[in-house]
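# I would like to see how this sequence folds:
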Amino acid sequence: MPIEPGDTVTIEYVGRFEDGSIFDTSRYEVALEHGLDDAQDAGPGDYPALSFTVGAGDIIEGLDNSLVGMRDGEEATVEVTPERAYGEHDPDRVREYDPDTFEGMVGQEPAVGLHVHAQNGLHGDVTAVTEDSVEVDFNHELAGKTLVFEIEVVDVR
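Predicted coordinates:
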């Protein structure tokens with residue numbers, strides 16, 4: 001029976017950028033083979049298949065919509081544009097702070113790569129630090145990127 005909105009599905013997936021590099025997967029062997037950050041200290045149970053309700057907004061729109069009409073056991077490669085994933089990179093979501101103000105807000109010295117949690121619920125990454133300013137990018141880390149997913153439907157309920 002084809003998948004319809006409202007069905008609960010479980011998929012195995014490998015998420016790649018357009019250049020082929022992997023950014024996420026539910027397959028432990030793939031994570032280990034491609035050196036994903038936490039794979040060395042993890043095990044197969046740390047990379048579970050993804051279960052969600054189709055059409056409920058639980059996952060990015062482009063991947064969600066691509067499942068409609070697929071069947072249990074079916075495999076596909078799906079390309080998802082930024083508009084149907086995490087949006088375009090928005091320069092207005094990149095903010096600059098005085099280094100002392102930043103340290104007072106965050107409680108840490110600024111450093112490129114530092115992940116921060118703002119009081120308003122936003123998450124961002126420090127992208128540049130100079131003597132005069134700290135730049136924090138509050139865009140989702142996958143904003144502006146086309147994503148390619150290799151998916152396998154492993155269960156439909």
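
# May I have stretch 133-140 exported as CSV, CA atoms only?
Extracted C-alpha coordinates of stretch 133-140, given in CSV (Å, rounded to 0.1, in the frame of the first residue of the first chain):
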residue,chain,number,x,y,z
SER,A,133,33.8,42.0,17.6
VAL,A,134,32.4,38.5,17.8
GLU,A,135,30.3,37.3,14.9
VAL,A,136,27.5,34.7,15.7
ASP,A,137,25.6,33.0,13.0
PHE,A,138,22.1,32.0,14.1
ASN,A,139,21.1,30.3,10.8
HIS,A,140,20.6,26.6,11.0
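
# Can you show me the strands along this protein?
8-17, 22-25, 50-53, 75-80, 94-97, 115-117, 123-129, 134-137, 147-156 (DSSP state E).

# what does the first one contact?
Around strand 8-17, the neighbours that count as contacts under CB atoms under 8 Å, 6 or more residues apart in numbering are 3, 22-27, 30, 49-54, 67, 145-157. In this view, the C-beta of every residue, glycine as well, is placed from N, C-alpha and C.

# and if you look at the last one?
Contacting residues not belonging to strand 147-156 are listed as 1, 3, 7-18, 23, 49, 51, 60, 62-63, 66-67, 70-80, 85 [CB under 8 Å, 6+ apart].

# the inter-axis angle of it versus strand 75-80?
Angle, strand 147-156 to strand 75-80, by axes from the mean of the first three to the mean of the last three CA atoms, to 10 degrees: 140 degrees.

# cool, and the first one?
For strand 8-17 against strand 75-80, the angle between stretch directions is 60 degrees (the same axes, to 10 degrees).

# What average pLDDT does strand 8-17 get?
Average pLDDT, strand 8-17: 98.

# partner strands of it, parallel or antiparallel?
Sheet pairing for strand 8-17, assigned by DSSP bridges, gives strand 22-25 (antiparallel), strand 50-53 (antiparallel), strand 147-156 (antiparallel).
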